[in-house]
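**Q** My questions concern the predicted model and sequence given below.
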There are 2 protein chains.
Amino acid sequence: MEETLDDTDIQLLKHLGADSKVTMKELAAKVNLSPSPVFERVKRLEANGYIKKYIALLDAEKLNFGLIVFCNIKLKQHDKSIGRSFVTDILRLDEVVECYNISGDYDFLLKVYARDMKHYQDFVFNKLGSVKSIGSTHSTFVMSENKNSYNINL
Amino acid sequence: MEETLDDTDIQLLKHLGADSKVTMKELAAKVNLSPSPVFERVKRLEANGYIKKYIALLDAEKLNFGLIVFCNIKLKQHDKSIGRSFVTDILRLDEVVECYNISGDYDFLLKVYARDMKHYQDFVFNKLGSVKSIGSTHSTFVMSENKNSYNINL
DNA sequence: CTTGAAAAATGGAGGGT
DNA sequence: ACCCTCCATTTTTCAAG
């Protein structure tokens, strides 16, 4: 299971990580092979979990979610059950796209997409406000997104 | 160009945002249509920019990038040319997957993927260290990722 | 939107190095 | 173990109604 990836595998992952709509034929040309071995390699990379899934990236701004906020959260207490119930509550919130348990002054970092400031205010007061385990929050607003490649650069 | 999306369009975006490997046939079944109109709608959503691109999501941990760090950065000065040169320098760094211009005490927030702490240390000292426009940095380490849906929840 | 058909891609069999 | 060349099947893509 813990086989090593050769250079061709890495190239395939790089290409698919940037554009998954390429055909096997095109991919094959990029790595100087015929479609068949490329097909088999990609299937293996999927089966072994190197490729988690394929998705379409949507334009948040065009879909009226123009505001990105990083919301730092401090819990009231730090026992395991409080942490778990916090995560359960947070996963339910549509506005929260990412959630991390972090080091430092705060316990969690959320990446939140909102339509506008009014929507974000409503999110903080009504949705976060009803999550009992939260002690305090600190919001950092995104003024512009300069880079988002979604994948590691192999 | 600024047409409104009907409920079917939203459903298509939701499905493709979660899994872009579905065939037009399967998509059609999900929205109770035949493949042809679904095909046309998806092409329109692509052409009008609602779908930005299609990518494979790679497993960073399996590819030996197990450490995620949010790196806050304060610039030395705040004029436009310094900010631009900072962004140019940052975009070159493979470890930086996301970069945001933010409100608050710091100017930029980077999401960084590193193999381990040693790699991150090297990144900060050698790569960030040679970006002249940086005044100071503050690193927040991710202990666990609890959610990452990559797309807004429509 | 539907039907339907041409063009293209997928997925695999069989054989070669 | 890895690759190639076919080829059947499925999917995509786009007419015409």
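**A** All right, it came through fine.
**Q** and A:L58, what does it touch?
**A** B:L13, B:G17, B:Y50, B:I51, B:K52, B:N151, B:I152, B:L154 (C-beta atoms under 8 Å, 6 or more residues apart in numbering or on different chains). For the C-beta atoms, the positions are set from N, CA and C on the backbone; glycine is no exception.
**Q** What's opposite it in the beta bridge?
**A** Beta-bridge partners for A:L58, by DSSP bridges, are B:I51.
**Q** Can you get me a residue count around A:S103?
**A** Counted with other C-beta atoms under 10 Å in any protein chain shown, the neighbours of A:S103 add up to 13.
**Q** Which strand or helix spans the spatially closest residue to it that is not a sequence neighbour?
**A** Sequence neighbours aside, B:F141 is the residue nearest to A:S103 in space, at 4.3 Å (criterion: C-beta to C-beta, 6 or more residues apart in numbering or on different chains). Element membership for B:F141 (DSSP states H and E) is strand B:134-148.
**Q** contact partners of that strand?
**A** Residues from elsewhere that reach strand B:134-148 (C-beta under 8 Å, 6+ apart): A:87, A:90-91, A:96-104, A:108-109, B:67-76, B:86, B:106, B:120, B:124, B:128.
**Q** Quick check: PyMOL command selecting the buried ones in the residues you listed.
**A** Typed into PyMOL, the line below selects the buried ones among those, using 16 or more other C-beta atoms under 10 Å in any protein chain shown:
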select buried, (chain A and resi 87+90+96+97+98+99+100+101+102+108+109) or (chain B and resi 67+68+69+70+71+72+73+75+86+106+120+124+128)
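**Q** Among the contacts of strand B:134-148, which are located in helices?
**A** Cross-referencing the contacts of strand B:134-148 against helices under DSSP state H gives A:V87, A:I90, A:L91, B:F86, B:Y120.
**Q** For the third one, give me the pLDDT.
**A** Okay, so that is A:L91. Reading off the confidence values, A:L91 has pLDDT 97.
**Q** So it is in contact with A:C99, correct?
**A** Yes: the criterion here is C-beta atoms under 8 Å, and A:L91 meets it with A:C99 at 7.2 Å.
**Q** Can you tell me the SS state at A:N153?
**A** coil (DSSP: H, G, I helix; E, B strand; the rest coil).
**Q** So which of the contacts of strand B:134-148 sit within strands?
**A** Among the contacts of strand B:134-148, the ones falling in strands (DSSP state E) are A:96-102, A:108-109, B:67-75.
**Q** Give me the subset of those residues that also touch DNA strand C.
**A** Restricting those to those within reach of DNA strand C (C-beta under 7 Å from any atom of the strand) leaves nothing.
**Q** which residues sit in contact with the residue of chain A found nearest DNA strand C?
**A** The nearest approach of chain A to DNA strand C comes at A:M24, 3.3 Å away (C-beta to the nearest atom of the strand). A:M24 is in contact with A:P35, A:V38, A:F39, A:V42, counting by C-beta under 8 Å, 6+ apart.
**Q** Quick check: the gap between A:V22 and DNA strand D.
**A** According to C-beta to the nearest atom of the strand, to the nearest Å, A:V22 and DNA strand D sit 11 Å apart.
**Q** can you tell me the helix or strand for that residue?
**A** Going by DSSP H and E, A:V22 is not part of any helix or strand.
**Q** which secondary structure element contains the residue nearest to it when sequence neighbours are not counted?
**A** Leaving aside its chain neighbours, A:V22 sits nearest to A:H15 (6.3 Å; criterion: C-beta to C-beta, 6+ apart). Assigned by DSSP H and E, A:H15 belongs to helix A:7-18.
**Q** Establish whether that helix and DNA strand C are in contact.
**A** No: interface with DNA strand C: helix A:7-18 contributes nothing (C-beta under 7 Å from any atom of the strand), its closest point being 10.9 Å away.
**Q** A:F123: how many residues sit nearby?
**A** So A:F123, with other C-beta under 10 Å, has 21 neighbours.
**Q** Tell me who's in contact with the residue nearest to it when sequence neighbours are not counted.
**A** Distances taken as C-beta to C-beta, 6+ apart place A:E95 nearest to A:F123, at 5.1 Å, with adjacent residues excluded. By C-beta under 8 Å, 6+ apart, A:E95 lies in contact with A:V112, A:Y113, A:A114, A:H119, A:Y120, A:F123, A:K127, B:N153.
**Q** Was I right to think the second one contacts A:E61?
**A** No: under the contact definition of C-beta under 8 Å, A:Y113 does not touch A:E61, with a separation of 9.9 Å.
**Q** I am finished for the moment; much appreciated.
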